[in-house]
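Enquirer: predicted structure and sequence below. I'll ask about it afterward.
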Amino acid sequence: MAERVELWWARRQFSRGAEIPYEVGTYRDAWAPFPALIRQYHPELNAGIVLTQVPPAADVLLLWECESGHTFAATPTEQRNRPGRERRRSAWCPECSVLARPSPAPLGRTAGASAGATTGPTAGPSAGGAALARAPRPPKPPRALCAKTPDLPVGEPFASACAPRPASAVEAQLRADLFSRLQVTAGLTAVRTSRPFFEHLEVWPDILLPELRIAIEYDSTGRHGLEHVGKREDADRRKDRTLRASGWEVVRIRTGKLEKLGPYDVQLSSLGRRGLDRIIDALRDVRGPLLVDAYLL
């Protein structure tokens, strides 16, 4: 399971018994064919660890920054296997990928194309159709962002007017149980983000623990087995990356047969006292027992 680069490095220091488990340049030859990834990697975003110190097969979450300034988290394997005809030239960014999606082809013939088909002495239906086929697709207009998001610093939690209600009674009960164990600020429903998440500059985790800067998500496959799988799982991963880029960590409670998505996720068959204790232990793994226990009731 992928883990944050600081934890991965500390574990490597312990297992190899060395302050610097991998010297700078150890994996230079392995990364040399990927100049685009070398440009996207910045040591200052990854605890000062240089890319040539990271094994290409390491299961570690690294922070990358594209040439447009978008920051996102991904493992070395995910980055090296991004779609592209020539791997050594490929580069990827979740935000740029969304912006680069082509707009759908217009349906039917436009008024301008119809007029062009009948204008001039030599124009005919076939000429007009050829001109329409050669005409470039009009650019897709950017989606307007929701104006209800307040102008707050990135990572700031707040009560959003757009946040949905709890999706299930189980989620509401989990929220009540957590706030009965932790003395943290309740009633906050969103986190201000630096980049859009769909049409908002905010995301809405199921539960926010502001003092710990941890978001809790409760995931189940739902009544029909379609929740949090396929494209919806992709949206979950994007949501997690957006939260982490905003200075938050995510703990997902994964039920049923759902596999973990992040290093601190908890797989539970049911919620209860033992399940709640496991969630508290996951919070300790993220922020340390000294800080988390200070908020226990």
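Expert: That came through fine. Numbering: from 1, shown residues only.

Enquirer: contacts, neighbours, all on C-alpha from now
Expert: OK.

Enquirer: what about Gly17, neighbour count?
Expert: Look at Gly17: counted by other C-alpha atoms under 10 Å, it has 10 neighbours.

Enquirer: tell me the pLDDT of it.
Expert: With respect to pLDDT, Gly17 scores 89.

Enquirer: how distant is the helix or strand that contains Ile38 from the center of its chain?
Expert: Assigned by DSSP states H and E, Ile38 belongs to helix 35-40. In terms of C-alpha atoms, centre = their mean, to the nearest Å, the centre of helix 35-40 is found 20 Å from the chain centre.

Enquirer: with stretch 38-51 instead?
Expert: Worked out by C-alpha atoms, centre = their mean, stretch 38-51 lies 19 Å from the chain centre.

Enquirer: what do you get for stretch 167-187?
Expert: Here stretch 167-187 shows a centroid-to-chain-centroid distance of 24 Å under the convention C-alpha atoms, centre = their mean.

Enquirer: kindly report the same for stretch 147-167.
Expert: 17 Å.

Enquirer: give me the contact list for that stretch.
Expert: The contact list for stretch 147-167 (C-alpha atoms under 8 Å, 6 or more residues apart in numbering) reads 172, 187-194, 200-202, 204, 206, 210, 243, 246-248.

Enquirer: before we move on, back to that, just checking, what packs against the helix holding Ile38?
Expert: Where contact means 3 or more C-alpha pairs under 8 Å, 6 or more residues apart in numbering; DSSP states H and E, helix 35-40 is not packed against any helix or strand.

Enquirer: what mean pLDDT does it have?
Expert: Helix 35-40 carries an average pLDDT of 84.

Enquirer: mind listing what's buried in that helix?
Expert: Buried residues in helix 35-40, counted by 16 or more other C-alpha atoms under 10 Å: Ala36, Leu37, Ile38, Gln40.

Enquirer: starting from Arg238, give me the distance back to the first one.
Expert: Right, Ala36. Taking C-alpha to C-alpha, to the nearest Å as the measure, Ala36 falls 21 Å from Arg238.

Enquirer: please apply the same query to the last one.
Expert: For Gln40, the distance to Arg238 (C-alpha to C-alpha) stands at 18 Å.

Enquirer: swap in Leu145?
Expert: Relative to Arg238, Leu145 is positioned 18 Å away (C-alpha to C-alpha).

Enquirer: these two: which has the busier surroundings?
Expert: A direct count of neighbours by other C-alpha under 10 Å for Leu145 and Arg238 places Arg238 higher, at 17 against 13.

Enquirer: for that one, give me its contacts.
Expert: By C-alpha under 8 Å, 6+ apart, the neighbours of Arg238 are Pro94.

Enquirer: which helix or which strand is home to it?
Expert: Using DSSP H and E, Arg238 maps to helix 231-245.

Enquirer: can you give me the helices in this protein?
Expert: Counting by DSSP state H, the chain has these helices, from start to end: 5-16, 28-31, 35-40, 76-80, 94-99, 111-118, 125-134, 169-181, 231-245, 273-287, 289-293.

Enquirer: where among the ones you listed is average confidence lowest?
Expert: Minimum mean pLDDT among the helices of the chain: helix 111-118, a mean of 44.

Enquirer: what's the closest of the buried residues of helix 35-40 to Gly17?
Expert: Taking C-alpha to C-alpha as the measure, Ile38 is the one of the buried residues of helix 35-40 closest to Gly17, at 28.1 Å.

Enquirer: show me how the protein divides into domains.
Expert: Per automatic domain parsing, the structural domains of the chain span 3-99, 157-293.

Enquirer: now distance to Asp151 too, for the ones you listed, in a markdown table please.
Expert: A markdown table is the format used below for those (distance: least, C-alpha to C-alpha, whole Å):
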| stretch | distance to Asp151 |
| --- | --- |
| domain 3-99 | 19 |
| domain 157-293 | 8 |
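
Enquirer: Ile20 touches Phe14, doesn't it?
Expert: No: using C-alpha atoms under 8 Å, Ile20 is not in contact with Phe14, being 10.1 Å away.

Enquirer: between the two, who's got more neighbours?
Expert: When Ile20 and Phe14 are compared for neighbours, Ile20 comes out ahead with 14 against 11, by other C-alpha under 10 Å.

Enquirer: chain neighbours aside, what residue packs nearest to Tyr270?
Expert: Just to correct that, residue 270 is Ser rather than Tyr. Among residues not flanking Ser270 along the chain, Thr255 sits closest, at 7.3 Å (C-alpha to C-alpha, 6 or more residues apart in numbering).

Enquirer: what is the burial count for Glu259?
Expert: For Glu259, using other C-alpha under 10 Å, the count is 11.
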